[in-house]
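[1] Sequence isn't available, so here's the structure alone:
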Ligand SMILES: [Zn+2]
Ligand SMILES: [Zn+2]
């Protein structure tokens, strides 16, 4: 069986996902944009039975931004980590995966709320590493 692992930036929290999981969802709503400080939240929806913490299960801080919207971050490094507020599924922040997913983004949500800069310019530049200028 395929096992994927993920962790926060400082390594205090780490998790494991068993078996096959679906492609990535990206939510562009205004809450996800603010909470991420970026284009939005990139999420994997994983059934609870397939997810388990390897360490740091209690090392998170949860912020309740709205009654129906909370985010959990590592207490040490602030990395946004899997949310466990749903009874059936864990909402795993895709950027914390350490193992390749083998799939891309399949769904974009709240596209009407997308930031106007959330797109490539026609002459967008891509570098394998940092920019040289
Ligand atoms: Zn951390
Ligand atoms: Zn959202």
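    Structure's in. What do you need? In this text, all values refer to a predicted model and were calculated from it rather than measured experimentally. Ligands and ions are numbered 1, 2, ... in the order given.
[2] all strands of this structure, in order?
    Under the criterion DSSP state E, strands of the chain are mapped to 3-7, 14-18, 24-27, 41-47, 51-55, 60-66, 69-74, 80-81, 89-93, 105-109.
[3] Looking at those, which one is packed in the most?
    Neighbour counts (mean count of other Cβ atoms under 10 Å) averaged over each of the strands of the chain peak at strand 80-81, with a mean of 25. No exception for glycine: its C-beta is placed from N, CA and C like everyone else's.
[4] any idea how far residue 17 lies from residue 57?
    The gap separating residue 17 from residue 57 is 15 Å, by Cβ to Cβ, to the nearest Å.
[5] In this structure residue 76 contacts residue 12, no?
    Yes - assessed by Cβ atoms under 8 Å, residue 76 is found in contact with residue 12 at 5.0 Å.
[6] where does this structure come near ligand 2, residue by residue?
    Neighbours of ligand 2 within the chain, by Cβ under 5 Å from the ion: 27, 29, 32.
[7] I'd like those residues as a markdown table, with pLDDT appended.
    Shown next, in a markdown table, are these (pLDDT from 0 to 100):
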| residue | pLDDT |
| --- | --- |
| 27 | 96 |
| 29 | 95 |
| 32 | 94 |
